[in-house]
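Asks: Pasting the sequence and the predicted coordinates here, then a few questions.
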Amino acid sequence: MPSMTDPRFSQTITFICTHNEDGAMGIILNRPSEHNIADLLAQIKLDPQPSQFLSDTIYEGGPVQQDRGFVLHVPDQEYDATILINEAIALTTSRDILEAAANNQAPEKILVALGYAGWSAGQLEEEMGLNAWLNLETTQDKALHQIIFDEPISNRFNLAMSMMGLNLSNLSDVAGHA
């Protein structure tokens, strides 16, 4: 949103993974880090076999626990710490998914992030009420996969805006009060 002044979240796409009475947790999908999966595997002392994932970008998932890895993936396998977000996306936080990636046994599509975005109870709802965020609800697996896994990083924000029928240049940070 134009009114988002926090540079950590300005023009980000945040995929909400959990949202309940205790708060919300999400992963930013369009903030690439300077590192790739091969760098991460080397840091945790895993010797990877050549694979399609090694050059994939690691994302800055958010400002909370930036030393912890979060892997969004298609739910075709389950790991020690996997939660099924919906039919199309799972989230894993255990090392075994990285071991699988190092051995060419990872899920078909993955997105690795360090850190997450977190909100306390009621905080996200309050921010939504203040128009700090736009909400794109989709139950279409194809649309989710396109934004999370397939679309080039540089175009993800514009794609999400177009899926909402919006153009950022047409939005104002001033809300009307009728």
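Replies: Great, that's in hand.
Asks: Just after the helix or strand bottoming out on mean pLDDT in the chain, pick out the following helix or strand.
Replies: Every helix and strand of the chain was ranked by mean pLDDT, DSSP states H and E. The lowest is helix 141-145, at a mean of 82. Sequence-wise, the next helix or strand downstream of helix 141-145 (DSSP states H and E) is helix 153-163.
Asks: just for the protein, where's the confidence low?
Replies: Residue ranges of the chain with pLDDT under 70: 1-4, 139-140, 167-178.
Asks: Helices of that one, start to end?
Replies: Assigned by DSSP state H, the chain shows helices spanning 37-43, 95-102, 123-129, 141-145, 153-163.
Asks: right, so these: which one is the most enclosed?
Replies: Comparing the helices of the chain by mean neighbour count (mean count of other C-beta atoms under 10 Å), helix 95-102 ranks first with a mean of 20. (Glycine included, C-beta is placed from N, CA and C.)
Asks: Check which helices and strands it is in contact with.
Replies: Secondary-structure packing of helix 95-102 (3 or more C-beta pairs under 8 Å, 6 or more residues apart in numbering; DSSP states H and E): helix 37-43, strand 64-73, strand 110-120.
Asks: repeat that with 7 Å
Replies: helix 37-43 (3 or more C-beta pairs under 7 Å, 6 or more residues apart in numbering; DSSP states H and E).
Asks: Give me the residues contacting the helix it packs on.
Replies: For helix 37-43, contacts defined as C-beta atoms under 7 Å, 6 or more residues apart in numbering pick out Pro48, Phe53, Leu54, Ser55, Asp56, Ile58, Leu98, Ala101, Ala102, Val112.
Asks: Selection in ChimeraX covering whichever of those residues are buried, please.
Replies: The buried subset of these, as determined by 16 or more other C-beta atoms under 10 Å, is captured in ChimeraX by this line:
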select :48,53,54,56,58,98,101,102,112
